[in-house]
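# Fold the following for me, if possible:
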Amino acid sequence: MVLFPETTAPLHIFEPRYRRMLADCLAGERRFGVISVPPGTAERELARGRVGTVARIDAADALPDGRSNISVAGEERFTFERFVDADVPYHVAEAGQYDDFPEPAAEVAGAADHLREQFVRVARAARLLADDAAPPPPLPDDPTMVAFAIAAMIDLTTAQRQRLLESRSALERTREVGALLEIAALPMERRAEIHARAKHNGRGAIEAT
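Below is the predicted model of the structure:
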């Protein structure tokens, strides 16, 4: 999986090595690294520089058979440097810092505001199609995190998610996610309009008897 910063995800822990890792995390800082291994690559052959995300365990529900359901929140990104020998069944590695490149704050904020507007359009249409009156999900205040939050909620391939995770330009990834929403927005709004008309028998109001 690809975990984005400032997003949450549920995980089911069942492998013995990860049960041990979970126990060690809960006894310590409640944090571990999540990194997507490319298809066809053995775990121990992971290339140096692969980008992952630190996961913080927010909740853990232990099941009677030793498995657990947990909820994690993405924190900072990191780069894989090398595996470290350790007397534990799970992988331990050295990691490097991975941050965005500096960009004009006003440009990033403006792009994020535009992306928020696009997201609201798509989310409202999706809610109408599902007959769901709930408001659109909230987005982060930090403009550099908006694209990550939306990417976590839309249908993307693992490769697309990984590319966004590796982006060190908030402007670039904000515009990339915005382009995806732009493609989806108008067709979804049209479908939502047809759906609403069908419910109302093609009239402006529901008929009363």
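# contacting residues for the residue nearest the centre of the chain?
In the chain, the centroid-proximal residue (C-alpha atoms, centre = their mean) is A152; its distance is 2.8 Å. The contact partners of A152, taken as C-beta atoms under 8 Å, 6 or more residues apart in numbering, are F4, T7, A9. C-beta: built from backbone N, CA, C; applies to glycine.
# which strands and helices sit next to the lengthiest helix in the chain?
The single longest helix within the chain, with elements called by DSSP state H, is helix 170-199. Applying 3 or more C-beta pairs under 8 Å, 6 or more residues apart in numbering; DSSP states H and E, we find helix 170-199 packed against helix 105-129, helix 146-151, helix 158-166.
# Can I get those in a markdown table including mean neighbour count, distance to R44 and mean pLDDT?
Formatted as a markdown table, these follow (neighbours: other C-beta atoms under 10 Å; distance: least, C-beta to C-beta, whole Å; pLDDT from 0 to 100):
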| stretch | mean neighbour count | distance to R44 | mean pLDDT |
| --- | --- | --- | --- |
| helix 105-129 | 17 | 38 | 90 |
| helix 146-151 | 25 | 29 | 97 |
| helix 158-166 | 17 | 19 | 96 |
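# Nearest to A86 among these would be which one?
helix 158-166 (25.4 Å; C-beta to C-beta).
# quick one: the closest one to helix 170-199, angle?
Orientation note: helix 158-166 sits at an angle of 130 degrees relative to helix 170-199 (axes from the mean of the first three to the mean of the last three C-alpha atoms, to 10 degrees).
# Run the chain-centre distance for helix 158-166.
Centre-to-centre, helix 158-166 and its host chain are 10 Å apart (C-alpha atoms, centre = their mean, to the nearest Å).
# ditto for stretch 62-73
Chain-centre distance of stretch 62-73: 20 Å, with C-alpha atoms, centre = their mean.
# What about the contacts of A152, which one has the most neighbours?
When neighbours are taken as other C-beta atoms under 10 Å, the top entry among these is F4 (21 neighbours).
# Any stretches of the protein with poor pLDDT?
Within the chain, the stretches with pLDDT under 70 are 185-189, 192, 199-209.
# Could you tell me the angle between the longest strand anywhere in the chain and helix 158-166?
Longest strand of the chain, by residue count under DSSP state E: strand 68-83. Here strand 68-83 runs at an angle of 70 degrees relative to helix 158-166 (the same axes, to 10 degrees).
# Take the contacts of A152 and lay them out in JSON lines including distance to F78 and secondary structure.
Formatted as JSON lines, those follow (distance: C-beta to C-beta, whole Å; DSSP: H, G, I helix; E, B strand; the rest coil):
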{"residue": "F4", "distance to F78": "13", "secondary structure": "coil"}
{"residue": "T7", "distance to F78": "16", "secondary structure": "coil"}
{"residue": "A9", "distance to F78": "17", "secondary structure": "strand"}
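# between the residues you listed, which is nearest R163?
The closest of these to R163 turns out to be F4 (C-beta to C-beta; 12.0 Å).
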